[in-house]
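A.B. asks: Just the structure for this:
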Amino acid sequence: MLFNRKCYSEIKHYLDSDKIIVIHGARQTGKTTLMEIIRADLPQKNTFYFDLEDSRYKMLFEEGTDSVIRFLKQKGFDTGQKKIYLFVDEIQYLDDPSSFLKLTHDHYPAIKLIVSGSSSFEIKSKFRDSLVGRTVNFELYPLDFEEFLWFKNQHYNLNEAITDRIVIKELKLFFKEFLLYGGYPGIVLTDTLEKKEKHLQQIIDTYIKVDIRDLANIKHIDKFNRLLFALAQQSSQLVNVVELANTARISRQTVEEYLFILEQTYIIKRLSPFSRNVRSELFKTPKVFFYDTGLLNMLSGKFLPSVIDGQMFETGIFTELIKNIGHRNMNFWRTTDKKEIDFVLTQRSKLVPIEVKLNTSRFKKTSIRYFSQKYNSKINYCISMEGTLPGQQKIIEQLYPWDIYSQLL
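C.D. replies: Predicted coordinates for the structure are as follows:
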């Protein structure tokens, strides 16, 4: 059974355009399955799928566009007039993907290219300026909570406010599962804890052995591993490069290089602080977050936990926001006297501060009230799983994690 992904509704708009559709994201996020979904909605006789992990197809593509066209003709395709949808998986394995894509796009307008790649780092290093204006890019992340529910065959209307106590209790249990095990499709569809742990460890091992050793050409894997495990202890915290360098026993410059690679391969994201150039606001040091809580939990302890904590909860809310709102519209805020807001969204020129607390008993109104007065934010939120804010908190609205879909999107 093929489960739909949200980004397909956006991709549909470009199927009839002349743009090359590029889908990229971490390994095991479902890029191949997404291509199967797209292909299933098209006339099958007009589509062909190439997986460049297959050395036969890689060799064919390395020979050039003419060789691929000749292959298609011999398979019975009319490459001159009739629309052909060409799906190319793992495009980053080509030595020069830009040349192939440009020549095919420019000289064979009947061929519509839909390609995928596991590493933005590798794609960006190989895609040249010659493709500017010819591509449209889509990032495929691990599942968000709404997609997670689809994969579990659970049907809730998250676009409307949910107030029923029974439904809220059900959603709490599902969100806890989502936080503990993460949103990689294969993990969600795996039925036992032992299998989930094994599958997550395989994702980690494949990432380190393929993306990092081979694609990023990192020689000292042991040092890279130490940094990765150190970062897992710091998700949702300020990035201290000096501390990371000391922990991993590598130079600051190498830490920065490894952080860049981790971002480009969709493992972590550095979140920049919000600032209006006020001296009292820290505006240089970012926070670091993992894109997936299951991966984070596995790296943190070698085994998946049974209890959620504040770090995991904040990381989970981050993943929900970035998958649905995007990193360009999100920051955090912190001052030199340690007033802090977990997330600040910029929506239609309005600032929306969000505090994240697993339990509202740990919520303090000082920071959000100060921010609201300073920046005139009309609506302020506290996202939590347990507890209730006092009724007097007029400027602060309490949300459950799934209320993001009805209140913030």
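
A.B. asks: Could you point out the helix or strand that follows the helix or strand of the chain with the lowest mean pLDDT?
C.D. replies: Taking mean pLDDT, DSSP states H and E as the measure, the chain has helix 120-126 as its least confident helix or strand, at a mean of 59. Per DSSP states H and E, the first helix or strand lying C-terminal to helix 120-126 is strand 135-139.

A.B. asks: Give me the below-cutoff pLDDT ranges for the stretch 1-150 of the chain.
C.D. replies: Within the stretch 1-150 of the chain, the stretches with pLDDT under 70 are 119-130.

A.B. asks: and if we set it to 80?
C.D. replies: The stretch 1-150 of the chain contains residues with pLDDT under 80 at 1-2, 80-81, 118-130.

A.B. asks: mind listing the strands for it?
C.D. replies: Listed in chain order, the strands of the stretch 1-150 of the chain (DSSP state E, counting those that start in this stretch) span 20-24, 47-51, 84-89, 111-117, 135-139.

A.B. asks: and the angle from the longest one to strand 20-24?
C.D. replies: Between the axis of strand 111-117 and that of strand 20-24 there is an angle of 10 degrees, by axes from the mean of the first three to the mean of the last three Cα atoms, to 10 degrees.

A.B. asks: Report the strands that pair with strand 111-117, each with its relative direction.
C.D. replies: Paired strands of strand 111-117, with direction, are strand 20-24 (parallel), strand 84-89 (parallel) (DSSP bridges).

A.B. asks: With mean neighbour count and distance to Glu256 added, can I get the ones you listed in CSV?
C.D. replies: Where you see a C-beta, it was placed from the backbone N, CA and C, and this is true even at glycine. Formatted as CSV, these follow (neighbours: other Cβ atoms under 10 Å; distance: least, Cβ to Cβ, whole Å):
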stretch, mean neighbour count, distance to Glu256
strand 20-24, 23, 23
strand 84-89, 22, 32
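
A.B. asks: Tell me which of the ones you listed lies nearest to Ala232.
C.D. replies: Among the strands paired with strand 111-117, the nearest to Ala232 by Cβ to Cβ is strand 20-24 (23.4 Å).

A.B. asks: Keeping just the C-alphas, turn that closest one into PDB.
C.D. replies: Backbone C-alpha positions of strand 20-24 (Å, rounded to 0.1, in the frame of the first residue of the first chain) are rendered in PDB as follows:
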ATOM      1  CA  ILE A  20      12.900  19.500 -14.000                       C
ATOM      2  CA  ILE A  21      11.400  18.300 -10.700                       C
ATOM      3  CA  VAL A  22      14.100  17.600  -8.100                       C
ATOM      4  CA  ILE A  23      13.200  15.800  -4.900                       C
ATOM      5  CA  HIS A  24      15.800  15.600  -2.200                       C
END
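
A.B. asks: between it and strand 135-139, how many degrees?
C.D. replies: Going by the same axes, to 10 degrees, strand 20-24 makes 20 degrees with strand 135-139.

A.B. asks: quick revisit: turn the strands of the stretch 1-150 of the chain into TSV, including distance to Gln234.
C.D. replies: Shown next, in TSV, are these (distance: least, Cβ to Cβ, whole Å):
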stretch	distance to Gln234
strand 20-24	26
strand 47-51	37
strand 84-89	34
strand 111-117	28
strand 135-139	24
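
A.B. asks: Would you map out the domains in this protein?
C.D. replies: Here the domain parsing of the chain from automatic domain parsing is 7-139, 145-407.

A.B. asks: Of the ones you listed, which is nearest Met1?
C.D. replies: When the domains of the chain are compared (using Cβ to Cβ), the closest one is domain 145-407, at 9.3 Å.

A.B. asks: tell me the mean pLDDT over stretch 221-234?
C.D. replies: With pLDDT averaged residue by residue, stretch 221-234 scores 90.

A.B. asks: okay, that stretch in CSV with CA atoms only?
C.D. replies: Provided in CSV are the C-alpha atoms of stretch 221-234 (Å, rounded to 0.1, in the frame of the first residue of the first chain):
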residue,chain,number,x,y,z
ILE,A,221,34.8,8.6,10.7
ASP,A,222,35.5,8.1,14.4
LYS,A,223,35.8,11.8,15.0
PHE,A,224,32.7,12.5,13.0
ASN,A,225,30.9,9.9,15.1
ARG,A,226,32.0,11.6,18.3
LEU,A,227,30.7,14.9,17.1
LEU,A,228,27.4,13.3,16.0
PHE,A,229,26.8,11.7,19.4
ALA,A,230,27.8,14.9,21.2
LEU,A,231,25.2,16.9,19.1
ALA,A,232,22.5,14.4,20.1
GLN,A,233,23.0,15.4,23.7
GLN,A,234,22.6,19.1,22.7
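
A.B. asks: how about JSON lines for the domains of the chain, with distance to Met1 added?
C.D. replies: Below are the domains of the chain laid out as JSON lines (distance: least, Cβ to Cβ, whole Å):
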{"stretch": "domain 7-139", "distance to Met1": "10"}
{"stretch": "domain 145-407", "distance to Met1": "9"}
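
A.B. asks: Quick check: closest non-adjacent residue to the residue most central in space within the chain.
C.D. replies: Centre of the chain computed as the mean C-alpha position; nearest residue by Cα atoms, centre = their mean is Tyr141, 3.4 Å away. Distances taken as Cβ to Cβ, 6 or more residues apart in numbering place Lys323 nearest to Tyr141, at 4.9 Å, with adjacent residues excluded.

A.B. asks: What helix or strand is that neighbour located in?
C.D. replies: Lys323 belongs to helix 310-324, assigned by DSSP H and E.
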